[in-house]
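Engineer: generate coordinates for the sequence data below:
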Amino acid sequence: MIFRVAASLLASTLSASAFHSSHYIRQGGCNSVLLFRQRACAGDNIIKRFPSKASLSSTSLSNTPTGPSFCEKCGTPTQLQVPEGDERERHVCGNPSCGHIAYQNPKVVVGTIATYQDKVLLCQRNIEPCKGKWGYCQGFLELGETSRQGAARETWEEAGVSVDPSKLELLAIYNLAGMQVQLIYRAELESDTFEAGHESSDVKFVSWDEIPWDELAFATVEWGLEHAREMKNVATPIVQERTKLITEDGKWEVEEG
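Structural biologist: Just a heads-up that it's a prediction; the model follows:
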């Protein structure tokens, strides 16, 4: 499950409630214009037109460094500074004899959109952020495992469903403002047996028409499920690439690719 990094930010910016009933229209491939219908916190519907990739002037959350207050090597308080030969501020140990630099990098999220006889497996989140919302099995990649192994592990942990990592097919790549890179796979299951893990309050198979679109946990979940539905009859799926970033004036934008 996604819950360890910047939980409050993810909940407010990536949740389906922030992108309630979001829809997009592709126009002209790489020069597509995205029309997103967003619901403001007060419940008002607004339309935002997002320009194509070529016209965006953007930044990312990686420009705002976060890191440990104390050195993970010797315990000395860290200082925010630009190390010699670097171009970014880092958290550097204040002890000159140590000088350890704490590099902060985006997290890798892996997930599986699992189906059985034209029904898709959904889990209801039992943890924050977005507790009670629905999504497919996903979470952070662990050390020592491949992305496919991680996606298979998350599927087992959250839904009690065993999948063969070698049979997973890459379906989507989502880049989230220097915070995350998500790799989403699809899998056709051999049975409809499942058992909710401790991070899931409920697990069920639903038809594509029964997906609770208004109750999905994150915008990326909606993207993945929409794309999986489009690709369900395609033998080798087209990999969807989408980027969500922050512009220089602090606003969220979404790009294809």
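Engineer: which regions of the chain lie under the pLDDT threshold?
Structural biologist: 1-65 (pLDDT under 70).
Engineer: in which helix or strand would I find the residue of it most remote from its centre?
Structural biologist: Distance from the C-alpha centroid of the chain, by Cα atoms, centre = their mean, peaks at Ser97 (39.1 Å). Assigned by DSSP states H and E, Ser97 belongs to no helix or strand.
Engineer: can you report how many residues neighbour the residue nearest to Gln104 when sequence neighbours are not counted?
Structural biologist: Nearest residue to Gln104, sequence neighbours excluded (Cβ to Cβ, 6 or more residues apart in numbering): Gly67, at 5.1 Å. Just so you know, the C-beta spots here come from the backbone N, C-alpha and C atoms, and that holds for glycine as well. Look at Gly67: counted by other Cβ atoms under 10 Å, it has 15 neighbours.
Engineer: got a list of what Gly67 touches?
Structural biologist: Neighbouring residues of Gly67 by Cβ atoms under 8 Å, 6 or more residues apart in numbering: Thr78, Arg90, His91, Ala102, Gln104.
Engineer: count the neighbours of Ser162 for me.
Structural biologist: Around Ser162 there are 12 residues (other Cβ under 10 Å).
Engineer: so which bits of the strand or helix carrying Ile246 are buried?
Structural biologist: Per DSSP H and E: Ile246 is located in strand 240-247. By neighbour count with 16 or more other Cβ atoms under 10 Å, strand 240-247 contains the buried residues Gln240, Arg242, Thr243, Lys244, Leu245, Ile246.
Engineer: that strand packs against which elements?
Structural biologist: strand 58-59, strand 169-176, helix 219-231, strand 252-256 (3 or more Cβ pairs under 8 Å, 6 or more residues apart in numbering; DSSP states H and E).
Engineer: mean neighbour count and distance to Asp192 added to those, as a markdown table?
Structural biologist: Output for these, formatted as a markdown table (neighbours: other Cβ atoms under 10 Å; distance: least, Cβ to Cβ, whole Å):
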| stretch | mean neighbour count | distance to Asp192 |
| --- | --- | --- |
| strand 58-59 | 15 | 43 |
| strand 169-176 | 20 | 20 |
| helix 219-231 | 21 | 17 |
| strand 252-256 | 19 | 34 |
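Engineer: closest one to Val82 among these?
Structural biologist: Closest to Val82 of these is strand 58-59 (Cβ to Cβ; 17.2 Å).
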